[in-house]
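In: compute the structure for the input listed below.
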Amino acid sequence: MDKITLAGCVILKNNAILLLNRSKTGWYELPGGKVDEGEGSEDAAIRELKEELCCDVEIVKQLGVKDFEENGYVMTYVWFLSRLKNESQLLVGEPDKFDHFAWVPIFELKSNKLSPNMLNLVEELDLLNLSYRRKIK
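Out: You can find the predicted model right below:
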């Protein structure tokens, strides 16, 4: 089975996560995508966010890595906690793929249609509990 490495940015603000809505499937997903040959995961995550949301980010730290199977491929996804450098410039940069972006409240993630990778992220990082802990403090 062929293997593909992917990288994406987890951007949080006020107990919400920045997601893109894929037109074809209607699911929410992280900004991110395929790591090109010779490219590092961090660089790919930064590049993909620039392409998909027309803005720059700063990588804060790596959050996790998860292998999963999809469409006959083994996918390795690397998640990075990231910070927007200029939020006012957010704009869907690939309107042929995505119809909008949204700040989705973390505690409402499971009530939305999520991509396989987003389901993995919720499971791996337990974002729902993270959100609840923050609200209590």
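
In: so what's L53 up against?
Out: Taking CB atoms under 8 Å, 6 or more residues apart in numbering, we find L53 in contact with 18, 20, 31, 90-93, 101. Any C-beta I mention is one placed from the backbone N, CA and C, and that applies to glycine too.

In: low pLDDT regions in this protein?
Out: Filtered on pLDDT under 70, the chain yields the residue ranges 87-88, 125-137.

In: tell me the centre residue of it?
Out: L30 (2.0 Å; CA atoms, centre = their mean).

In: chain neighbours aside, what residue packs nearest to S82?
Out: Sequence neighbours aside, C9 is the residue nearest to S82 in space, at 3.9 Å (criterion: CB to CB, 6 or more residues apart in numbering).

In: separation between the closest residue to E29 other than its chain neighbours and V122?
Out: Leaving aside its sequence neighbours, E29 sits nearest to S115 (CB to CB, 6+ apart; 3.8 Å). Look at S115 and V122: by CB to CB, to the nearest Å, they are 11 Å apart.

In: what does L30 give?
Out: Relative to V122, L30 is positioned 11 Å away (CB to CB).

In: which one's the longest strand in the chain?
Out: Ordering each strand of the chain by length in residues (DSSP state E) puts strand 57-70 first.
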